[in-house]
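For reference, the sequence and a predicted model appear below.
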Amino acid sequence: MTLDTNPLVKNIQQALAIVARRFGIAIVDIRGSSKVRRHTSARAVFCWVMRRRGYSYPKIAGMVWRDHTTVLLLLRSHPLDVYGREVEQCEQLIEEANNEDPAEIERRIAEVRAEKERRLRQRDWQNFTNETREPRVLRVCI
């Protein structure tokens, strides 16, 4: 696949969100300075996706708040033959997101936010009920 035949990503923030969600991390973790394997792997996959989409190293570096030589080193240390499957899956998700109706995207975002709020309320309720229970008395037998 050549660099000039791939269409550019319509929304960089959306591509970052897709890769972050695929790895179960936040966008800040991709752009951050963390050296945790999951974060560096997600960073590398995002850089590979952008590189295969035709972006230059300096442009990719700007997206992940790095220098272009750092991106070059990152891609050398995370070869495409190792991360190829993740790169292809993320590319497919990005392509699907680019073809989606914006109203559908907004609806799904609202669903995710509502689910997150529901979980937070449920967790708060569980914490409240745990705090109001009487503490157990431990009996020590000698």
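Cool, the structure landed. Numbering: from 1, shown residues only.

Which residues are in contact with the nearest residue to residue 48 once chain neighbours are set aside?
Leaving aside its sequence neighbours, residue 48 sits nearest to residue 87 (C-beta to C-beta, 6 or more residues apart in numbering; 4.6 Å). Bear in mind the C-beta positions are built from the backbone N, C-alpha and C, glycine included. Contacts for residue 87 (C-beta atoms under 8 Å, 6 or more residues apart in numbering) come out as 45, 48, 49, 52, 80.

and with 6 Å instead?
Taking C-beta atoms under 6 Å, 6 or more residues apart in numbering, we find residue 87 in contact with 45, 48, 49.

Return the distance of it relative to residue 114.
Here residue 87 is placed at a distance of 31 Å from residue 114 (C-beta to C-beta, to the nearest Å).

Over to residue 18?
Applying C-beta to C-beta to residue 18 and residue 114 gives a distance of 20 Å.

Format the contacts of residue 87 as CSV; extra columns: pLDDT.
Shown next, in CSV, are the contacts of residue 87 (pLDDT from 0 to 100):
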residue, pLDDT
45, 95
48, 95
49, 94
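
What about those, which are in helices?
Using DSSP state H, the subset of the contacts of residue 87 located in helices is 45, 48, 49.

With respect to residue 28, which of these is nearest?
Distance to residue 28 across these (C-beta to C-beta) is lowest for residue 45, with 16.2 Å.

just checking, the closest one touches residue 86?
Yes. Using C-beta atoms under 6 Å, residue 45 is in contact with residue 86, at 4.9 Å.

These two: which has the busier surroundings?
residue 45 (25 against 18; other C-beta atoms under 10 Å).

what's near enough to touch the residue most central in space within the chain?
When C-alpha atoms, centre = their mean is applied to the chain, the residue found nearest the centroid is residue 20 (0.2 Å). By C-beta under 6 Å, 6+ apart, the contact set of residue 20 is 26, 27, 30.
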